[in-house]
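Student: need coordinates for the following:
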Amino acid sequence: MLRERFQLSRDRIEEVRTEERIQEPYRDYFQKSAEFLKMAAEQLEIKTQEHSLEEWKKINGRLYEELFPEHYGQSYANPAFAVEKLGTYGQVLSSVYAELRGAIVYAYEEKIWDLTVCQELFLEIYTAFCDTELPKPEAVRQIWYWYVSDYCQEFLEERILENVDPSRDFAVRVIMDSDLEDLRYLYRYGEYITENELGVARFLNTFSQEEIDKMARTYTEGYRMAFVNTGKDLSVKKTVNIRYPLGFERMVRSAVQQFQEMGLKPTVYRYATHLIQLTAHRNGFSGGNANPQFEYDHREDAALFLDHDFVQRKLRAMQNIYENHRELAAGHAGPAVIEVFGEMPFSPKNSEGACCLSEEQRKLKVSMDNESAQITNRYIKGEERSFTIIAYPVPQIGEQFQEIFKETVKINNLDSKQYSCIQQTIIDTLDSCEWVEVKGKGENETDLLIHLHTLQEPERQTNFENCVADCNIPVGEVFTSPVLAGTGGVLHVSQVYLNGLLFKDLKLVFDCGQVIDYDCKNFESEEENRRYIEDNILHHHRKIPMGEFAIGTNTTAYAVAKKYGIHDKLPILIAEKMGPHFAVGDTCYTWAEDIPVYNPDGKEIIARDNEISALRKEDLSMAYYNCHTDITIPYEELQSIRVIDEDGEMVSIIEDGRFVLPGTQELNRPLEDIR
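Tutor: Numbers count the residues shown, from 1 in each chain. Now for the predicted structure:
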């Protein structure tokens, strides 16, 4: 029956391509949409081995070319263009078109149901425009609303199962069954393939199997040690979610085998494509991004359907899905993530036609996200799961890509024991006081006072975690959750990339540990700059706390960044290790605050809570923000980090961007050649 529905809708779309029943300018929209859906469905019949690598590049380019920056200005995927051409219908029809774009990957995964409902959505809207009179814009929006609402359960169930059910093995089959020396395998995913994906795969094919296994071992062993170091039992878990950028299949294949030795089967899903599944940034396997502006323009399309009824429907669906698959969820151990860096920096532009959540919808979204996180945590318990993250460069980083890649491998394999000893020296000094002062240098206006928890039994308690290479690779930081009361001042960085977005001259003002004012210089107007921060750092919260204060110690990574001029291209995963950083949002121990955590010296880390996360004991909805954004001050913009005792006396850990605390000077060695 599903195949029949699919074929019927496909045949009808073939007719729409040439019909002239609808007046212009709307006819152009529907004919181009029908042409795209036809092209997407044709991918069902295409097999990778039928074409050469060059032919695949052309096929792949045709699928994504309308999103390229040089074509995006004339695409209905662009809400500004859609509104200009289609008037009051433009916004919702652009959102629908963005949903239809997912048809490409549904064809490659042979997800006939997803293809069918996309085609039927298109035909339902097309039929509405075939009447004698044009439909009311609200009627079109209602069609869109009921599509999302009616299929809410199915969309969510597929997404949840892709995370916990290893039988959803599309990507695993590509990884394990392909000839990875034949780069045509990359086109089996249906993702946009650039020279980044091809270049990484080609370069990894020059590595010996021993080298590949060692890279994978750093990644998988970090995952295992994250369980060991937090006292969690990995042996009771059955699945691990692997997230990776295309091109890393040789490493991922080895990692799959190593995880299997631990008793874990892989789950591997694509980043979200249905609108209802979208997250703030790509989670899952992905290829190149044909145009980040496209995703930025559609980030708030939920404004077209987000209301109280939809929120309740989604939450009920999530609860039912997890309850029906509770055993799969309980066996899930958490994500193991490979990130990349070096892509062309992206600084978004605001589109006048893009959807925008109302103030009421923002509140609804915050509430929905909070409830969603609580439901997930009931079935994939925070106190029983963990994660790991590792990062590597891509060819777009520059001509020295191969050298930078090899340097990154070294950084990811730095001696944890050496760092652990040095970092313990820093922690011992930090634990001697309850206040830390952080000041910027030169034009950097940072001036922060951090309040630390009181150690009732300092001989067996500590505030700071001694972070080595387990869940958070590479080594190189000590971190804590500050006391919010008394924590305040200004955090300022000249430039930083957060979740792929550039922030210029970012400034956050804290009082009682919470952000009370903020500004940046990305846009001309203060209103646009504040909205940019509200959307992408505050995540629609009225206020947001400082969830983490840390001191990065990985001067080796910093020296490599300076040597190759890639400071602005490093991911936060590495950048946070290259100076003090401050995370806004939840603490590092979110959903697991009550689990004792110990440093290598045996001391328990007591700073797992703050005044807000502690509210979980009274009202869970008040305790969590479901975000955690790290902002780093690089050493070159740092004047000092000093602890302050009860008498106001100071002990310096860093002065003028260099470590001065006795026992830590070894960290300055990589910096000696930097000018």
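Student: please make it C-alpha for all contacts and neighbour counts, starting now.
Tutor: OK.
Student: for D586, give me its contacts.
Tutor: D586 sits next to 545-548, 613, 624-628 when contact means C-alpha atoms under 8 Å, 6 or more residues apart in numbering.
Student: which element, helix or strand, includes V584?
Tutor: Using DSSP states H and E, V584 sits in strand 580-585.
Student: starting from that strand, tell me which strands it pairs with and how they run.
Tutor: Strand pairing for strand 580-585, using DSSP bridges, gives strand 546-552 (antiparallel), strand 628-632 (antiparallel).
Student: among these, show the one with the smallest mean pLDDT.
Tutor: Ranked by mean pLDDT, those bottom out at strand 628-632, with a mean of 93.
Student: can I get it in PDB? Just the C-alpha atoms.
Tutor: The C-alpha coordinates for strand 628-632 follow below in PDB (Å, rounded to 0.1, in the frame of the first residue of the first chain):
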ATOM      1  CA  HIS A 628      26.100  24.700  27.500                       C
ATOM      2  CA  THR A 629      28.200  27.200  25.500                       C
ATOM      3  CA  ASP A 630      31.900  27.600  26.100                       C
ATOM      4  CA  ILE A 631      33.600  30.900  25.500                       C
ATOM      5  CA  THR A 632      37.400  31.100  25.700                       C
END
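Student: doesn't E384 fall inside a helix?
Tutor: No: counting by DSSP: H, G, I helix; E, B strand; the rest coil, E384 is not found in a helix; it is coil.
Student: what's around it, how many residues?
Tutor: 23 (other C-alpha atoms under 10 Å).
Student: next one, pLDDT for it please.
Tutor: pLDDT at E384 comes out at 94.
Student: my guess is it contacts S235. True?
Tutor: No: look at E384 against S235 with C-alpha atoms under 8 Å: they stay out of range, at 11.0 Å.
Student: neighbouring strands for the strand ranked longest in the chain, and are they parallel or not?
Tutor: Counting by DSSP state E, the longest strand found in the chain is strand 483-498. Strand pairing for strand 483-498, determined by DSSP bridges: strand 447-451 (antiparallel), strand 501-511 (antiparallel).
Student: of the ones you listed, flag the one that's most buried.
Tutor: Ranked by mean neighbour count under mean count of other C-alpha atoms under 10 Å, the strands paired with strand 483-498 are led by strand 447-451, which reaches a mean of 21.
Student: for it, C-alpha coordinates in PDB please.
Tutor: Taking C-alpha atoms only, strand 447-451 is exported to PDB below (Å, rounded to 0.1, in the frame of the first residue of the first chain):
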ATOM      1  CA  ASP A 447      37.200  41.700  34.500                       C
ATOM      2  CA  LEU A 448      35.600  38.800  36.400                       C
ATOM      3  CA  LEU A 449      35.400  37.700  40.000                       C
ATOM      4  CA  ILE A 450      34.600  34.000  40.400                       C
ATOM      5  CA  HIS A 451      33.200  32.600  43.700                       C
END
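Student: could you list the residues in contact with the next helix or strand after it?
Tutor: Later in the chain than strand 447-451, the nearest helix or strand by DSSP H and E is strand 461-462. For strand 461-462, contacts defined as C-alpha under 8 Å, 6+ apart pick out 427, 431, 455, 603-607.
Student: which one is S178 nearest to, not counting chain neighbours?
Tutor: Y185 (6.3 Å; C-alpha to C-alpha, 6 or more residues apart in numbering).
Student: name the helix or strand of the chain that has the lowest mean pLDDT.
Tutor: helix 572-575 (a mean of 86; mean pLDDT, DSSP states H and E).
Student: show me what it packs onto, helices and strands only.
Tutor: With contacts taken as 3 or more C-alpha pairs under 8 Å, 6 or more residues apart in numbering; DSSP states H and E, helix 572-575 sits against strand 388-393, strand 628-632.
Student: just send the ones you listed back as a markdown table, with mean neighbour count and distance to C512 too.
Tutor: Shown next, in a markdown table, are the helices and strands packed on helix 572-575 (neighbours: other C-alpha atoms under 10 Å; distance: least, C-alpha to C-alpha, whole Å):
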| stretch | mean neighbour count | distance to C512 |
| --- | --- | --- |
| strand 388-393 | 23 | 31 |
| strand 628-632 | 23 | 18 |
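Student: quick one: closest of those strands to F285.
Tutor: Among these, strand 388-393 comes nearest to F285, with 13.8 Å by C-alpha to C-alpha.
Student: state the distance from S254 to F285.
Tutor: 16 Å (C-alpha to C-alpha, to the nearest Å).
Student: re earlier: any chance of a markdown table for the strands paired with strand 483-498, columns mean pLDDT and distance to I574?
Tutor: Output for those, formatted as a markdown table (pLDDT from 0 to 100; distance: least, C-alpha to C-alpha, whole Å):
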| stretch | mean pLDDT | distance to I574 |
| --- | --- | --- |
| strand 447-451 | 98 | 23 |
| strand 501-511 | 94 | 16 |
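Student: residues near the residue lying closest to A485 once chain neighbours are set aside, how many?
Tutor: Leaving aside its chain neighbours, A485 sits nearest to C512 (4.6 Å; criterion: C-alpha to C-alpha, 6+ apart). C512: 17 surrounding residues under other C-alpha under 10 Å.
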